[in-house]
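Asks: sequence and predicted structure below; questions after.
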Amino acid sequence: MSGKHRRPEPDMLPEADVAAQMVAGPVIAVEAAASAVSASALSGPTVVARTSRQAQRRARRQTQRRQLTLIAGTLAAVLVLVAGGWWLLGRGGGGQNPSDAAQQKQRTLLIQVAGPDGTAKASALVGVRTDELRAAAVLVPSRLIVDVPGSGSIAFGETLGLPDHDAPAKALTDLIGVTVDGSWVLTQAGFAALVDKVGGVPAEVDVDVVTKDARGAEQVVVRAGSQHLAGAAAAAYATYAAPEEPEQARLARFYDVLDGVLRGLPDQAREIEGTLTSLKAGASSTLSPSPLAQIIAAAHEVGKKGDLLSDVLPVNAITSGSGEESYGVNAQQAAALMEARFGPSLVKDTAGGPVRVLVQNGVGTPGLVDKARTKLVKAGFRFVNGNNASEFGHKQSTVLIADSAPASVERGAAVAAALGLPADTIEVSGQGQTVAEVIVVLGRDFKP
């Protein structure tokens, strides 16, 4: 991680203030040093000398732990070079919307383990290629700050407890621009049961895992060291964070167990489906059993060969004054990483670049912004939550574009069409803006 920043305030800008910060065209750049992603993480799995199976596993897991604790040192040039290679392989040329065939070259699944309080203790976005044997996982910190319509800025882990079951996937799509095809949530008991069903997992336990009983007395449930963990111990280890420890350490432990589970699953998708459905109340998914099993089966095929690429989402620490660190996404490094790992699933407009659309509620009707979000994302736009406008009572919606250039007018017209708004709602702000390429203030004429 690099840099310290204050916690961002919820985006509650008045119309005039928002319009004054918007500029035309996408603004994605790569910094001179991509310190949050290691060179080994972007160059594929480390080659390990063929000694014994146990030595290979230990070396591989030690390498994974180094990768997942964000050791600095990768140059941006390497990041961009690899990203470009994956982009060419994934997209086959030309920008396409999420519904196009290019997007179907990759399926994505958000895997989360829920704690007793209903929040996500660990999360991983897994992407598998449908046109070749390739898969990648990006681990997402639970204390990453995301913006959710109707809820404002909250920790990513807390989105799992919102009434909208798709809230975590939506928040991730809005933050990093990757289409999430489905989610799979396991309780800690369900995660433990899954580990037991694959016969336990090998783990390089880096620290004693300590819990407290009902009287507050501490007890060690897993000792540090290389060992084979059964379900309950594995679940405790995978979700454990020591006091004052960065969340990346917990994510490394989670991936240690998740990798072992993926390797230990049966080889046939039908058998995997049976394993998943046997978890019953211990797991839930927005996908039906068959497509869920197919995605996990593909990840299993790659994982058992040691070729599953893994990274932690690049973030910056946020100074909040509380005991726990929060994080903000490192936009430049995350954009390059997503292009490298999830190129086919990136939200793209027909011109090949992301068009961000900030939406404000000018009526006051609850849920209006989220309904507009659904229409925009389906049409291939990047949604930006603008919360409420400076005042309610807007009879007619307004679609603000930066200038009268043909490209800007075309963007505005496409956004208006996606929302079912007439062309006369498009206006030129003429004030230069940076928040988004297009700003929409919803009026009473917007029909969800």
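Replies: Alright, I've got the coordinates.

Asks: for the protein, just list every one of the helices.
Replies: The residue ranges that make up the helices of the chain, judged by DSSP state H, are 15-19, 39-42, 53-68, 76-91, 167-176, 188-197, 231-238, 247-264, 269-277, 289-303, 331-342, 368-378, 406-419.

Asks: buried residues in the last one?
Replies: Neighbour-count burial for helix 406-419 flags 408, 411-412, 414-416, 418-419 (criterion: 16 or more other C-beta atoms under 10 Å). Every residue, glycine included, has its C-beta placed from N, CA and C.

Asks: so that helix versus helix 368-378, what angle?
Replies: Calculated by axes from the mean of the first three to the mean of the last three C-alpha atoms, to 10 degrees, helix 406-419 forms an angle of 120 degrees with helix 368-378.

Asks: got the contact list for helix 406-419?
Replies: With C-beta atoms under 8 Å, 6 or more residues apart in numbering as the test, helix 406-419 has contacts from 24-25, 349, 351, 355, 357, 372, 375-376, 378-379, 381, 397, 399-402, 422-423, 425-426, 428, 437-438, 440, 446.

Asks: out of those residues, which sit inside strands?
Replies: Applying DSSP state E to the contacts of helix 406-419, the entries found in strands are 357, 399-401, 426, 428, 438, 440.

Asks: and the furthest pair within those?
Replies: Pairwise distances among the ones in strands among the contacts of helix 406-419 were taken by C-beta to C-beta; the largest, 16.0 Å, belongs to Val357 and Val428.

Asks: so which of these two has more stuff around it?
Replies: Neighbour count, other C-beta atoms under 10 Å: between Val357 and Val428, Val357 has more, with 26 against 14.

Asks: residue contacts, the more buried one?
Replies: Val357 is in contact with 376, 381-384, 415, 436-440, counting by C-beta under 8 Å, 6+ apart.

Asks: what's the closest of those to Thr286?
Replies: Relative to Thr286, the closest of these is Phe383; by C-beta to C-beta it sits at 18.5 Å.

Asks: touching, the closest one and Pro354? I think so.
Replies: No: in this structure, Phe383 is not within contact of Pro354 by C-beta atoms under 8 Å, at 10.6 Å.

Asks: so what's the spatially most central residue of the chain up against?
Replies: Closest to where the C-alpha atoms of the chain average out (C-alpha atoms, centre = their mean) is Leu172, at 4.3 Å. Counting by C-beta under 8 Å, 6+ apart, Leu172 touches 110, 125, 140, 146, 156, 178, 180.

Asks: same check on Thr365?
Replies: Thr365 touches nothing, counting by C-beta under 8 Å, 6+ apart.

Asks: and it, what's its pLDDT?
Replies: Model confidence at Thr365, given as pLDDT, is 91.

Asks: for the stretch 1-150 of the chain, give me the ranges with low pLDDT.
Replies: 1-103 (pLDDT under 70).

Asks: how far off centre is stretch 163-181?
Replies: Here stretch 163-181 shows a centroid-to-chain-centroid distance of 7 Å under the convention C-alpha atoms, centre = their mean, to the nearest Å.

Asks: for it, list every residue counted as buried.
Replies: Under the neighbour-count criterion of 16+ other C-beta under 10 Å, stretch 163-181 has 164, 166-181 buried.

Asks: now the buried residues of helix 406-419 in a markdown table, with distance to Asp208 and pLDDT?
Replies: As requested, the buried residues of helix 406-419 are exported to a markdown table (distance: C-beta to C-beta, whole Å; pLDDT from 0 to 100):
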| residue | distance to Asp208 | pLDDT |
| --- | --- | --- |
| Ser408 | 58 | 88 |
| Arg411 | 55 | 90 |
| Gly412 | 58 | 92 |
| Ala414 | 56 | 92 |
| Val415 | 54 | 94 |
| Ala416 | 59 | 94 |
| Ala418 | 53 | 93 |
| Leu419 | 54 | 95 |
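
Asks: can you redo the residues you listed as a markdown table with distance to Phe342?
Replies: Formatted as a markdown table, those follow (distance: C-beta to C-beta, whole Å):
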| residue | distance to Phe342 |
| --- | --- |
| Ser408 | 28 |
| Arg411 | 24 |
| Gly412 | 28 |
| Ala414 | 23 |
| Val415 | 24 |
| Ala416 | 29 |
| Ala418 | 23 |
| Leu419 | 26 |
